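Chemist: what would the 3D arrangement of this be:
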Amino acid sequence: MKFIIQKDYLVQSVQDVMKAITSRTTIPILTGIKIVATDEGVTLTGSDSDISIESFIPKEENDIEIVEIHRTGSIVLQAKFFSEIVKKLPTNQVEIEVEQLQTVIRSGKSEFNLNGLDSEEYPHLPELSEQNILKIPTDILKNIIKQTVFAVSTSETRPVLTGVNWKVEHGDLICIATDSHRLALRKAKINSNEEQVYNIVIPGKSLNELNRILDDDNESVEIVITENQILFKTKHILFFSRLLEGNYPDTNRLIPTESKTDIIVNAKEFLQAIDRASLLAREGRNNVVKFSTLNENVIEISSFTPEIGKVVEELVSESISGEELKISFSAKYMMDALKALEGTEIKISFTGAMRPFVIHPINDDAILQLILPVRTY
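Modeler: Below is the predicted model of the structure:
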């Protein structure tokens, strides 16, 4: 195998596939990057057997030559060393030549020799039949991930809650994440045929890595779902993830359908007030802040930690309707929820001091955040 490649493209591809590689794998060859040169271009692959990422660098793009293929072939190189070498090469032209697993990397006056591994021993990526393809614009997919994945559980006691539940029916995608103390829900229209119905759970870790790789554009991402795998496909990237096994809990009954107190408030001002109150709530009791309605559309946000001190802040809301309310909740959960919501004005609907409450942008039912209160009053 021998090819000459533009360094920038190689660096970007290496960074993408590195997101799937971990040093903790039980399969030694998976600590490497698989490199395959064909007449069409160069493909790099990284995998930890849960996530696999394949990045393709074409010979040319927009009439600009990126790769010059002299001899086709393949090799697996130690990811840790190869990625560090590539980043630090002196010129923008990189030559990679392989003779019987011995790999030479040349750039300018630098020359590295690396021992490679036989690519035949590298596990094959799953073959997914591409009959049922869903399509979703990249920018919407990135938003969906950002607005849900933070609410997955970090505890392995219920593995299914470490993922995001995706349901597809009638061209609607419904994404739900919960750690049993809070819940994030996002709906979106997607390009699918009416018969396609799915109910799957994608690991939160996979979605976080996918989000880092996707460009900020509105090109469509193609999605292929099988029984235990999902594939996200963009122009030059294939991103495979295994799916989590088990039934995701039915969360519909958690979401209140009526409320006793409704508050409309400016999201940014509210977030900043919660952030300030949380400064004195960091220690101990899961950074709890107290929230109460006063008269004349005023709400009070306070926090008290005996050994540190207290903070009280009043905030004027757009409107308050319904019963008076005193409630306590985690400042972190509230700030996470507010950062995920889009829109300047949000509505918070309460059904009592010890019942879950719902936050969503005004006039937008496609996104919703739910938080369970903390008993302090």
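Chemist: show me where the stretch 251-377 of the chain has its helices.
Modeler: With DSSP state H, counting those that start in this stretch as the definition, the stretch 251-377 of the chain shows helices at residue ranges 267-278, 331-340.
Chemist: for the last one, packing partners?
Modeler: What that stands for is helix 331-340. helix 138-148, strand 182-189, helix 267-278, strand 288-293, strand 367-371 (3 or more C-beta pairs under 8 Å, 6 or more residues apart in numbering; DSSP states H and E). The C-beta positions use only the backbone N, C-alpha and C, and glycine is treated the same way.
Chemist: what does it contact?
Modeler: If you take C-beta atoms under 8 Å, 6 or more residues apart in numbering as the criterion, helix 331-340 is touched by 146-148, 150-151, 181-182, 184, 267, 270-271, 274-275, 277-278, 281, 286-289, 303, 346, 359, 367, 369, 371.
Chemist: return the residues in contact with Ile27.
Modeler: Ser49, Pro123.
Chemist: what does Arg186 give?
Modeler: Asn143, Ile144, Gln147, Thr148, Ile174, Cys175, Ala366, Ile367, Leu368.
Chemist: so what sits opposite it in the bridge?
Modeler: Following DSSP bridges, Arg186 is listed with bridge partners Cys175, Ile367.
Chemist: distance of it relative to Leu368?
Modeler: 8 Å (C-beta to C-beta, to the nearest Å).
Chemist: next: Arg71.
Modeler: 56 Å.
Chemist: again with Glu269
Modeler: 21 Å.
Chemist: ok, now Ser23?
Modeler: Counting by C-beta to C-beta - Ser23 and Leu368 are separated by 39 Å.
Chemist: so those two - more neighbours on which side?
Modeler: Set side by side, Ser23 and Leu368 show more neighbours around Leu368, with 21 against 9, by other C-beta atoms under 10 Å.
Chemist: the more buried one against Ile255, yeah?
Modeler: Yes: Leu368 lies in contact with Ile255 (C-beta atoms under 8 Å); the separation is 7.2 Å.
Chemist: so what sits against both of these two?
Modeler: In contact with both Leu368 and Ile255: Leu185, Val358, using C-beta under 8 Å, 6+ apart.
Chemist: now the protein, which segments are flagged as low pLDDT?
Modeler: Within the chain, the segments meeting pLDDT under 70 span 194, 282-286, 377.
Chemist: residue contacts, His181?
Modeler: By C-beta under 8 Å, 6+ apart, the residues touching His181 are Ser330, Tyr333, Ile371, Leu372.
Chemist: Three-state assignment for Gln131, please.
Modeler: coil (DSSP: H, G, I helix; E, B strand; the rest coil).
Chemist: follow-up on the earlier one: return the most buried member of the helices of the stretch 251-377 of the chain.
Modeler: Compared across those, helix 331-340 shows the largest average neighbour count, a mean of 20 (mean count of other C-beta atoms under 10 Å).
Chemist: beta-bridge partners for Ile64, please?
Modeler: Taking DSSP bridges as the rule, Ile64 bridges to Glu61.
Chemist: and it, how far is that from Asp8?
Modeler: Taking C-beta to C-beta, one finds Ile64 at 11 Å from Asp8.
Chemist: redo the helices and strands packed on helix 331-340 as JSON lines? Include distance to Thr261.
Modeler: Putting the helices and strands packed on helix 331-340 into JSON lines (distance: least, C-beta to C-beta, whole Å) gives the following:
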{"stretch": "helix 138-148", "distance to Thr261": "25"}
{"stretch": "strand 182-189", "distance to Thr261": "19"}
{"stretch": "helix 267-278", "distance to Thr261": "15"}
{"stretch": "strand 288-293", "distance to Thr261": "7"}
{"stretch": "strand 367-371", "distance to Thr261": "14"}
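Chemist: wait, which of those is closest to Thr157?
Modeler: Relative to Thr157, the nearest member of the helices and strands packed on helix 331-340 by C-beta to C-beta is strand 182-189, separated by 16.7 Å.
Chemist: mind listing what's buried in that closest one?
Modeler: Arg182, Leu183, Ala184, Leu185, Arg186, Lys187, Ala188 (16 or more other C-beta atoms under 10 Å).
Chemist: wait, what's in contact with the closest residue to the last one other than its chain neighbours?
Modeler: Going back to what we said before, that points to Ala188. In this structure, Ala188 finds its nearest non-sequential neighbour in Leu173, 4.9 Å apart by C-beta to C-beta, 6 or more residues apart in numbering. Leu173 makes contact with Leu134, Ile136, Ile144, Trp166, Lys167, Lys187, Ala188, Lys189, Ile190, according to C-beta under 8 Å, 6+ apart.
Chemist: before we move on, back to that, okay, Ile64 and Asp8: which has more neighbours?
Modeler: Legend: neighbour count by other C-beta under 10 Å for Ile64 and Asp8, higher for Asp8 (11 against 7).
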